[in-house]
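Undergrad: here you go, sequence then predicted model.
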Amino acid sequence: MKAAEFLPEAQQMIAERGEPAYRLRQIYGALTKSLVRDWEEATSLPKHLREALTEEVPAAVLDLQRVSHATDGTRKYLFHTHDKHAIETVMIPERGRNTVCISTQVGCAMGCKFCATGLMGIKRNLKAREIAEQVFVAARDIAPERVSNVVVMGMGEPMLNYEATLRALKVLNDGDGFNLAARHIALSTSGLVDKIRRFADEPEQFHLAISLHTPFEEERKEIMPIASRHSIPELMDAARYYVDTTRRKLFFEYTLLAGVNDQMRHANALADLLDHPLYHLNLLRFNWTDTGFSATSKRDAKEFLRRARERGLSATLRPSRGEDIDAACGQLAAKDLRGRPAVPLVPLS
């Protein structure tokens, strides 16, 4: 079923040509397991079928333009879509882990004030194959090492492209597909409460992260337009629904912005707000973008973490990776095509 949903064009072609049904499984395996980007590499398929697929169903739907290498080992992939839009993907190597951060939209409609992607506006949603293929390319690039984790934290708000994103994640999780455990896949949202509840009801055990960035209502409205649609109490109701339904840990993302959300009053309010044993706070110092914000100092960030933990919060201060190639959180902007016209921001009501 996942193969048919992921490759409807291939399924149709096989039916029209009278090919046996198992050919679809072979095609699916070639893309998701063998990671082919040219059908001539799929030697399990007969030559006539490889030729037909090349004409009608390309093996690669993204054109890899460039791979940038950071001094810390992070890699950033610049892709062009078939309609010449640019998206970026990041692979982060750590001790015993290779995490791929993928995009779900060209640009982003959320307009978070500190995020470079938000400056682009929204151009279009990515299709399921375009989302999943980012992982396939990274996996092929680092072979024989394996991708151990996937985080949907790149360009775009995945909850605004829900169906295609979930279809891609299910293929990445599929034992007959890429075969990555669901608990090694995490999706991040800026806080669409109806979609958080829907995600909680999905049968797969994917992790969820919510971008919070301040515990105070008016401040959140200032830096995250989504807050004008969903209040913090509404967001926390959805968060509680998620942990009560799934019994899985829920992560809250928090970018420390100097003089904006990094005072002790913020740490104290977070301790009061995130009062569930399954909540975990991920702190990250702001990565520079031309948005007018500055990073909290390392010393102050550590003090903020200390205070949060002192108040009983489960919290981590995550290191920034790939800053020297603009691959860190909030920096993805596909600068090559930043100047192209974007669709105006999608209304949030």
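TA: The structure has been received and is ready for your questions. Everything numeric in this text was worked out from a predicted model, so none of it was measured. Numbers count the residues shown, from 1 in each chain.
Undergrad: pretty sure Gly121 contacts Gly107?
TA: Yes. At 5.4 Å, Gly121 counts as touching Gly107 under the criterion of CB atoms under 8 Å. Bear in mind the C-beta positions are built from the backbone N, C-alpha and C, glycine included.
Undergrad: what about those two, which has more around it?
TA: Gly107 (27 against 18; other CB atoms under 10 Å).
Undergrad: how about the helices in the stretch 101-250 of the chain?
TA: 128-142, 162-173, 193-200, 217-223, 232-246 (DSSP state H, counting those that start in this stretch).
Undergrad: with mean pLDDT, mean neighbour count and distance to Glu19 added, can I get those in JSON lines?
TA: Listed next are the helices of the stretch 101-250 of the chain as JSON lines, based on pLDDT from 0 to 100; neighbours: other CB atoms under 10 Å; distance: least, CB to CB, whole Å:
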{"stretch": "helix 128-142", "mean pLDDT": "98", "mean neighbour count": "23", "distance to Glu19": "20"}
{"stretch": "helix 162-173", "mean pLDDT": "98", "mean neighbour count": "22", "distance to Glu19": "21"}
{"stretch": "helix 193-200", "mean pLDDT": "97", "mean neighbour count": "18", "distance to Glu19": "36"}
{"stretch": "helix 217-223", "mean pLDDT": "93", "mean neighbour count": "16", "distance to Glu19": "53"}
{"stretch": "helix 232-246", "mean pLDDT": "97", "mean neighbour count": "17", "distance to Glu19": "40"}
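Undergrad: count of neighbours near Gly292?
TA: Per other CB under 10 Å, the neighbour tally for Gly292 reads 8.
Undergrad: report the central residue of this protein.
TA: Val152 (1.6 Å; CA atoms, centre = their mean).
Undergrad: tell me what that one is bridged to.
TA: For Val152, the beta-bridge partners are Leu187 (DSSP bridges).
Undergrad: in the chain, where's the longest strand?
TA: Using DSSP state E, we find that the single longest strand of the chain is strand 86-94.
Undergrad: direction included, what does that strand pair up with?
TA: strand 75-80 (antiparallel), strand 97-101 (antiparallel).
Undergrad: mind checking which of the ones you listed is nearest Arg25?
TA: Proximity to Arg25, assessed across the strands paired with strand 86-94 by CB to CB, is greatest for strand 97-101 (24.7 Å).
Undergrad: list of residues touching that closest one?
TA: Strand 97-101 has contacts (CB atoms under 8 Å, 6 or more residues apart in numbering) with 89-92, 134-135, 138-139, 142, 145-154.
Undergrad: give me that answer again for 7 Å
TA: Residues from elsewhere that reach strand 97-101, judged by CB atoms under 7 Å, 6 or more residues apart in numbering: 89-92, 134-135, 138, 142, 145-151, 153-154.
Undergrad: PyMOL command for the buried members of the residues you listed?
TA: A single PyMOL command is used to select the members of the contacts of strand 97-101 judged buried by 16 or more other CB atoms under 10 Å:
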select buried, resi 89+90+91+92+134+135+138+147+149+150+151+153+154
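Undergrad: give me the below-cutoff pLDDT ranges for the protein.
TA: 1, 288-290, 321-349 (pLDDT under 70).
Undergrad: list the contacts for the closest residue in space to Met153 that isn't next to it in sequence?
TA: The shortest distance from Met153 to any residue other than its chain neighbours is 4.4 Å, reached at Ser188 (CB to CB, 6 or more residues apart in numbering). Residues in contact with Ser188 (CB under 7 Å, 6+ apart) are Val151, Val152, Met153, Ala209, Ser211, Glu253.
Undergrad: ok, now which ones touch the first one?
TA: This points to Val151. Val151 sits next to Thr99, Cys101, Ala186, Ser188 when contact means CB under 7 Å, 6+ apart.
Undergrad: so which of these is the most crowded?
TA: Comparing the contacts of Val151 by number of neighbours (other CB under 10 Å), Cys101 comes first, having 29 neighbours.
Undergrad: partners of that residue in the sheet?
TA: Bridge pairing for Cys101 - DSSP bridges - gives Val90, Val151.
Undergrad: repeat that for the one 5 residues further on.
TA: When bridges are assigned using DSSP bridges, the partners listed for Val106 are Arg124.
Undergrad: how far away is Ala59 from Phe136?
TA: Ala59 is 10 Å from Phe136, where distance means CB to CB, to the nearest Å.
Undergrad: common neighbours of the two, please.
TA: Shared contacts of Ala59 and Phe136 (CB under 7 Å, 6+ apart): Leu31.
Undergrad: stretch 208-222 spans what distance, first to last residue?
TA: 24 Å (CA to CA, to the nearest Å).
Undergrad: same check, this time on stretch 247-261
TA: One end of stretch 247-261 sits 29 Å from the other (CA to CA).
Undergrad: now do the buried residues in it.
TA: Arg248, Lys249, Leu250, Phe251, Phe252, Glu253, Tyr254, Thr255, Leu256, Leu257, Val260, Asn261.
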